[in-house]
Each structure stands twice: as structure tokens, then as C-alpha cells.
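In: Fold the following, please.
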Amino acid sequence: MTSRADRDFELWQAWKADPTDQNLGALVQTFKGTVNAAVNRYAAAPVPREAMESKATSFAIKAFKTYDPGNVGAGG
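Out: Got it, this is the predicted structure:
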């Protein structure tokens with residue numbers, strides 16, 4: 001049985017090896033709950049939810065692009 005982290009990493013590896021929209025979509029979808037949790041923290045803000053979701057998703061994609069598995073935990 002593989003862990004959630006293992007499955008997430010496999011999706012990331014698949015996307016890095018073949019950066020198609022389909023692979024990115026699968027990766028983004030698996031982190032949808034994390035994105036929604038972040039957006040929910042700011043639910044009272046005077047900003048449309050869709051705008052916050054879009055920005056949070058773009059932050060996630062940037063994180064996928066800059067993720068370095070050899071440098072995990074280096075920031076503390």
C-alpha cells in the first residue's frame with residue numbers, strides 16, 4: 001500500500017517527466033483539498049472566492065515547478 005505522499009510524488013514525477021496539461025491537471029486535482037483549505041482561511045476577505053482559488057492554484061503550480069526533492073526540509 002502506497003502512502004498519500006508517495007502517490008503525490010509519483011504524480012509530480014510523471015508531470016516533470018512529461019509536462020502536459022493532463023499531467024498538470026492530475027497534480028493540481030490531488031492538491032485541491034490543500035488549496036481549498038488555504039482559501040477557506042480567508043473566507044471573510046472582501047475578495048471573490050474564485051479569485052482566491054485561482055491565485056492559490058497558481059501558487060501551487062509555482063511550487064510544483066520549483067520543488068526540489070533533493071532539497072526537502074533545508075529551510076527548517
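In: need the contact list for Y42.
Out: M52 (CB atoms under 8 Å, 6 or more residues apart in numbering). C-beta here means a position set from N, CA and C on the backbone, and glycine is covered the same way.
In: ah, wrong one, I meant L11
Out: Per CB under 8 Å, 6+ apart, neighbours of L11: N23, A26, L27, T30.
In: Closest to the centroid, which residue in the chain?
Out: A60 (3.8 Å; CA atoms, centre = their mean).
In: So what touches the helix or strand hosting F59?
Out: Assigned by DSSP states H and E, F59 falls within helix 49-66. Residues outside helix 49-66 that contact it (CB under 8 Å, 6+ apart): 12, 15, 24, 27-28, 31, 34-36, 38-39, 42-43, 45.
In: I'd like these laid out as JSON lines, including distance to Y67.
Out: As requested, the contacts of helix 49-66 are exported to JSON lines (distance: CB to CB, whole Å):
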{"residue": "W12", "distance to Y67": "7"}
{"residue": "W15", "distance to Y67": "10"}
{"residue": "L24", "distance to Y67": "13"}
{"residue": "L27", "distance to Y67": "10"}
{"residue": "V28", "distance to Y67": "14"}
{"residue": "F31", "distance to Y67": "12"}
{"residue": "T34", "distance to Y67": "14"}
{"residue": "V35", "distance to Y67": "16"}
{"residue": "N36", "distance to Y67": "20"}
{"residue": "A38", "distance to Y67": "17"}
{"residue": "V39", "distance to Y67": "21"}
{"residue": "Y42", "distance to Y67": "24"}
{"residue": "A43", "distance to Y67": "28"}
{"residue": "A45", "distance to Y67": "27"}
